[in-house]
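> Compute the structure for the input listed below.
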Amino acid sequence: MTISEYGKKQLVEEKVFKDPVHRYIHVRDQVIWDLIKTKEFQRLRRIKQLGTLYLAFHSAEHSRFNHSLGVYEIVRRMVVNFQEFEEWNNDDRLLALAAALLHDLGHGPFSHCFETIFDTDHEEFTRKIILGNTEVNEVLKRVSVDFPLEVAKVIDKTHENRLVISMISSQIDADRMDYLQRDSYYTGVSYGNFDMERILRVMRPSREEVIIKESGMHAVEDYLMSRYQMYWQIYFHPVSRGGEVLLNLALKRAKHLHETGYTFKQAPKYFIPFFSGEVTVEDYLRLDEMVVNFYLQEWIHEDDPILSDLAHRFVNRDLFKYLPFDGSVITISELEALFEKAGIDPDYYFFSDSYSDLPYDYDRPGSKSNRRPIHLKRSNGELREISTQSAIIHSITGVHRMDSKLYYPREKIMQIEDLEVKGEIINLLNELA
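Residues are numbered from 1 along each chain as shown. Down below sits the predicted model:
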């Protein structure tokens, strides 16, 4: 790929973003500066990094914009460190920086929750935005005609340059290193803190992946344990998941009403493409969290009591109660039948939420993982998979932890008029607790 003069152009004066995690984010490339200024990238200011987690941690209001700049900065520092190694081809520098900056470009409002409801894929829309009729595409094409495709292939992990892919998407990548520290900072916890400076110093490029100098093993142990703690203490927090439950149910109800011909007081025109499953890039980019929150505010005043109630609950943080659930006392279908018997619609007032995490694993005989391992480079040049050298990492390798919760509106149960059914439900829920 031949890079144009525009692709090589540097700003007259370096641009600097003040950042609470990395202190400063440095931009010297004209291409990167122009990408940041595009409307598609600026939209990420209106997409929260952590979706509904602000309902549990009030300061978790940071955006995908913050995070994307942070990932770019870490990759920029990787590239600087890699200059002295023959395995690094500096012709790949701009490709790595652009892919790092744009890796989350296709996230929708409330991110993963939104994807579940409307069956969208942020990685697919990232690719469509990069390759479509967008300002981002125009900037990338000025580097070279095929540069947008090269960037898209790195992000969707199909590019032949496995090293650049691993810098942005692997088990020890710039994406994770930024979000663990950033999310830790904005939630006010210390779980996500680890010695990134040390990790960057011991990272080495290889033909296929980023590898770690053997002396950096303990810094990687700290990083992986930070990730484990962040998932179970922060990302899977049941209050945040409860917010996702309400949002899921409210949007599910709105979609059902649209499909059955309900007349909305405030026509949800920006949602209609998503209700129908015919979403263009333009439709997708219009829908950010400001728009979704506007509709939720409006739906509080709808005549449909279920939509009105669910929207009110989400907007005003009137969340469902939750209980642990493992299916040993009663099945989901039995509980749903009791709710129906009590006149409570289980489609909208009863939700079973399950989640799991695999902190570290790799593809090996008998494994169900397709992850690439983290490799340590020994002083003699030999590569070793890290769990064979670290007892700490060995203890969590392949360990799949799962949990489940039941969400329900307790006050509606207390209002059940049939005392027999009410007592049966309360007794069962008490057993679960």
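
> Which residue ranges make up the domains of this structure?
Using automatic domain parsing, the domain ranges for the chain come out as 5-235, 238-355+404-432.

> Kindly reformat those domains as JSON lines and extend each row with mean pLDDT and mean neighbour count.
All C-beta atoms are positioned from the backbone trio N, CA, C, and that covers glycine. As requested, these are arranged in JSON lines below (pLDDT from 0 to 100; neighbours: other C-beta atoms under 10 Å):
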{"stretch": "domain 5-235", "mean pLDDT": "96", "mean neighbour count": "19"}
{"stretch": "domain 238-355+404-432", "mean pLDDT": "92", "mean neighbour count": "16"}
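
> for the stretch 101-250 of the chain, what spans make up the helices?
111-118, 122-131, 135-141, 147-155, 162-168, 174-187, 196-202, 217-230, 238-259 (DSSP state H, counting those that start in this stretch).

> Go through those helices and name the closest to Ile393.
Among those, helix 217-230 comes nearest to Ile393, with 6.0 Å by C-beta to C-beta.

> Could you export that closest one as CSV, CA atoms only?
Taking Å, rounded to 0.1, in the frame of the first residue of the first chain, the C-alpha atoms of helix 217-230 are listed here in CSV:
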residue,chain,number,x,y,z
MET,A,217,5.4,-11.9,33.9
HIS,A,218,4.4,-10.5,37.3
ALA,A,219,3.1,-7.2,35.7
VAL,A,220,0.9,-9.4,33.4
GLU,A,221,-0.3,-11.4,36.4
ASP,A,222,-1.4,-8.1,38.0
TYR,A,223,-3.1,-7.0,34.8
LEU,A,224,-5.1,-10.3,34.4
MET,A,225,-6.2,-10.2,38.1
SER,A,226,-7.3,-6.6,37.6
ARG,A,227,-9.4,-7.7,34.7
TYR,A,228,-10.9,-10.5,36.7
GLN,A,229,-11.8,-8.2,39.6
MET,A,230,-13.3,-5.5,37.4
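
> name the element the closest residue to Pro324 other than its chain neighbours belongs to?
Nearest residue to Pro324, sequence neighbours excluded (C-beta to C-beta, 6 or more residues apart in numbering): Lys405, at 6.3 Å. Under the assignment given by DSSP states H and E, the secondary-structure element containing Lys405 is strand 401-408.

> can you give me the angle that strand makes with helix 238-259?
Strand 401-408 and helix 238-259 meet at an angle of 60 degrees, taking axes from the mean of the first three to the mean of the last three C-alpha atoms, to 10 degrees as the criterion.

> which residues touch strand 401-408?
Where contact means C-beta atoms under 8 Å, 6 or more residues apart in numbering, the residues beyond strand 401-408 that reach it are 232, 236, 238, 241-242, 245, 320-327, 335, 339, 349-358, 429, 432.

> what about 10 Å?
With contacts defined as C-beta atoms under 10 Å, 6 or more residues apart in numbering, strand 401-408 is touched by 228, 231-232, 236, 238, 241-242, 244-246, 249, 319-327, 330, 332, 335, 339, 344, 346, 349-359, 425, 429, 432.

> and after that strand, which helix or strand comes next?
Once the chain leaves strand 401-408, the next helix or strand it forms, by DSSP H and E, is helix 410-414.

> and that next one, what does it pack onto?
Using 3 or more C-beta pairs under 10 Å, 6 or more residues apart in numbering; DSSP states H and E as the contact test, the elements touching helix 410-414 are strand 321-324, helix 332-341, helix 419-432.
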